[in-house]
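Asker: Fold the stuff below for me.
(chains A and B)
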Protein chains: 2
Amino acid sequence: IEAADARTVEALAADLHEADVGDIIEALSADERVPFIQLLGEHFDFTALTEVDETVRVQLIEELSPEEVAEGVRELDSDDAVYILEDLDDEDQEEILAKLPAVDRMALRRSLDFPEETAGRRMQTDFIAVPPFWTAGQTIDYLRDQKDLPEEFYEVFVIDPGFRFLGAVALNRLLRAPRPTRMADIMNDERQRVLATDDQEDVARMFERYNLVSAAVVDEAERLVGVITVDDVVDVIQAEAEEDIRALAGVGDEEISDSVFYTLRTRWVWLLFNLLTAFLASSVIGMFSGSISKMVALAVLMPIVASMGGNAATQTMTVTVRALATRDLDAHNVWRIFGRELSVGLLNGGSFALIVGLAAALWFQDPLLGGVIGAAMIVNLLSAATAGILIPLAFERLDIDPAVASGVFVTMVTDVVGFLAFLGLASWILLG
Amino acid sequence: IEAADARTVEALAADLHEADVGDIIEALSADERVPFIQLLGEHFDFTALTEVDETVRVQLIEELSPEEVAEGVRELDSDDAVYILEDLDDEDQEEILAKLPAVDRMALRRSLDFPEETAGRRMQTDFIAVPPFWTAGQTIDYLRDQKDLPEEFYEVFVIDPGFRFLGAVALNRLLRAPRPTRMADIMNDERQRVLATDDQEDVARMFERYNLVSAAVVDEAERLVGVITVDDVVDVIQAEAEEDIRALAGVGDEEISDSVFYTLRTRWVWLLFNLLTAFLASSVIGMFSGSISKMVALAVLMPIVASMGGNAATQTMTVTVRALATRDLDAHNVWRIFGRELSVGLLNGGSFALIVGLAAALWFQDPLLGGVIGAAMIVNLLSAATAGILIPLAFERLDIDPAVASGVFVTMVTDVVGFLAFLGLASWILLG
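Answerer: Just a heads-up that it's a prediction; the model follows:
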């Protein structure tokens, strides 16, 4: 297809939604992508770039000339433009911004000045604001006359002469109000608004909680600076949940289109930490090598205790990490949840102690060995419950993301306690 | 507070958003909840019940009389009413439905007839539909006159006389159109609509992809039956990502407010499966008990190989499971991704083989033992990459949720291969 047949490609891409064009770009090989975009020329909608993986996007934009990018970015809504520019390094950003008209440049620079992952980065700077004394009819007439309106909007904002945010009028209320009604009378004055410096995760939680479709963004002086819409929030929610899944498995922020080396880098560090804890566990085993050489059955059975502890701890830890992320776990219920986890650990420990104890006793024809492994199982599942809840809580308290850091430490505890309890009890009771 | 002081409670709850009332209900102890709702009486907005955990909700509704519930449900939007009723058993549902006026009953029953987790369950049956020959002005006047409109809406639908869906007009387009414009001329006729029987996950993906705020729901004859809005979709996206996190850790659908026994039941089965694979791994070790009794260092080091394999496999598996869930992995890129994972496995395997080999050689003063553990590490990280990608793919092919089933099998492979490679090579090279 890529034989420079512009007419065909144009015809193909013109009717497609930007999300579909994004898919085409990802499906093309790396060196077909730039020619594809250049072939489309002005028919290429840069919104499509918001739909591709970050790695692909950054690479593409670095290969296009700053003029081409500036031309494309100009046509975008400001939130999409920021989304595309924010991952570039400062130098590339400046080069592209320099090619833009002053008004656009200032709006984008203002958004880019807010820290990453804040509402200021996600907001759109085009919005509709009217004074409180306007009537519904006047507002509708104004909307009919204006040509340069944002493409999609769901609310009209009401502001005072100092540009301070007073309230919002949902379009359906505006439509249903008799024409002479004053905007001040139909606006929702609960003033659900977000600060431009609010974390995007908190914004997402607010949208979800109050079922919002759009919200005003204000600066520290309560002046209206932008609007954040639910489509951006949907992406944030998706991304944040995704972040936790990845963090729990130690795969960082990699994407499926990343290269071998990028993938390697993010995963290697996690495996290295795991290696250190594995050596720690090994050194515990090493302390008991005398016992093992007297009774090889211990070596055969010991991974069972450690592995059950690790799995049980992962269960507790996952529930804790997610409950912290969704703010379902806090000071008022932490003791109740801790109690529940200990009870679950005790009951699971008890039942698996029976099963494993019986199986081990039959396998090695040694009831005492069965008793020892059963007791070690109970000890380790209780330590799993404790570690699975206390370690994420401790990281949360220290302002370290519990999803990233907990896994290594939790399995370290269950490995060490598992081997120590089983081999220690066995040495004491069976070989002491 | 619960000393039956209705006035105070009312005053407290009246100004709160339903999400906040939901939080209060969850914070109360189980036997304070029903009195709290009864105290509020008609001031209690049943929407709050959509904001509490399923366990709490079901328990509450079973304790309230069917009359009380019917009275509360009547006031709700149909999607919220369905959300509250769908988790009850058939008998309780019927009892409550029987107390409702016929019109409401029919609408709810129709939604409840659709399978769980479909668009039909999530849709709202109140919507606004007009014929194509109406003008924008006529439609606005109609909206101003109608008193019984849905509380929130973002689009007006256009239908033909047979109630078939023709297109949608976003409110901002309706507002901006000159009054004499015909609806047929401003409607978006791409007809992005969902079938009532579509899976809610597919609906969520469509909203996310095309940045929708609401979408028409049609039946198999393309007749308009409802509307699905983005706030329901946000909940679905959140729930689906959550489901995968939980499934990967083996904690099922439990919620933080669940009882010890519910929690126990969901986790126990997962631990049982893990126990079976742990015994399988133990039996592999058992095959080499002769070698271990000759050389205890093998028992000390063997968990390292298995644990690194398990962690690397979890990384690959998590990426694969999520890529399958978001449809980022399909036939056209599966070989490329498989190649990448094998390369990552080889490079990680190589570098950790060096580190572990060196450490083991120094620890036990035995260079050959270092070589053996290094070789086993490479073998196991390659098997981790293979299992981490092929096992989820196989489950997907078999229509089994890969997030639920993969974990146990993947770690089974890395445990067995890890012990087999290390102990096998050691027996052959060091002790053969």
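Asker: Next one: A:Val227 from B:Phe338, what distance?
Answerer: 44 Å (Cβ to Cβ, to the nearest Å). (Glycine included, C-beta is placed from N, CA and C.)
Asker: looking at this, A:Val217 is in a helix?
Answerer: No: assessed with DSSP: H, G, I helix; E, B strand; the rest coil, A:Val217 is strand; it does not lie in a helix.
Asker: hmm, back to that, quick one: which of A:Val227 and B:Phe338 has more around it?
Answerer: A:Val227 (26 against 17; other Cβ atoms under 10 Å in any protein chain shown).
Asker: Surely the more buried one touches A:Ser214?
Answerer: Yes: assessed by Cβ atoms under 8 Å, A:Val227 is found in contact with A:Ser214 at 5.6 Å.
Asker: so what sits against both of the two?
Answerer: A:153, A:155 (Cβ atoms under 8 Å, 6 or more residues apart in numbering or on different chains).
Asker: For stretch A:423-432, which outside residues touch it?
Answerer: Residues contacting stretch A:423-432 (Cβ under 8 Å, 6+ apart): A:284-285, A:287-288, A:290-292, A:294-295, A:298, A:302, A:368-369, A:371-372, A:375-376.
Asker: for the residue in the stretch 51-200 of chain A that chain B sits nearest to, what are its contacts?
Answerer: Going by Cβ to the nearest Cβ, chain B is nearest to A:Leu171 of the stretch 51-200 of chain A, at 4.0 Å. Listed by Cβ under 8 Å, 6+ apart, the contact set of A:Leu171 reads A:153-156, B:154, B:171-172, B:175.
Asker: Can you name the two of the residues you listed that sit furthest apart?
Answerer: Maximum pairwise distance in these, criterion Cβ to Cβ, is 13.9 Å, between A:Val156 and B:Tyr154.
Asker: So between these two, which is more surrounded?
Answerer: The neighbour count for A:Val156 versus B:Tyr154, taken as other Cβ under 10 Å, is higher for A:Val156 (27 against 21).
Asker: Double-check that that one belongs to a helix.
Answerer: No: counting by three-state DSSP, A:Val156 is not part of a helix but strand.
Asker: In three-state terms, label A:Ile228 for me.
Answerer: Three-state call for A:Ile228 (three-state DSSP): strand.
Asker: so how far is A:Val410 from A:Gln315?
Answerer: Taken as Cβ to Cβ, the span from A:Gln315 to A:Val410 is 10 Å.
Asker: okay, and the common contacts of those two?
Answerer: A:Gly388.
Asker: was I right about A:Pro303 contacting B:Thr277?
Answerer: No: judged on Cβ under 8 Å, A:Pro303 makes no contact with B:Thr277 at a distance of 10.5 Å.
Asker: Look at A:Ile292 and report its pLDDT.
Answerer: The model reports A:Ile292 with a pLDDT of 91.
Asker: rewinding a little: between A:Pro303 and B:Thr277, who's got more neighbours?
Answerer: Neighbour totals were compared for A:Pro303 and B:Thr277, and A:Pro303 leads with 28 against 21 (other Cβ under 10 Å).
Asker: How about the residues of the stretch 1-150 of chain A by chain B?
Answerer: Within the stretch 1-150 of chain A, the residues that sit near chain B (Cβ under 8 Å from any Cβ of the partner chain) are A:17, A:19, A:27, A:51, A:140, A:143-144, A:146, A:149.
Asker: and the residue of the stretch 301-432 of chain A nearest chain B?
Answerer: Closest point on the stretch 301-432 of chain A to chain B, by Cβ to the nearest Cβ, is A:Thr318, at 3.7 Å.
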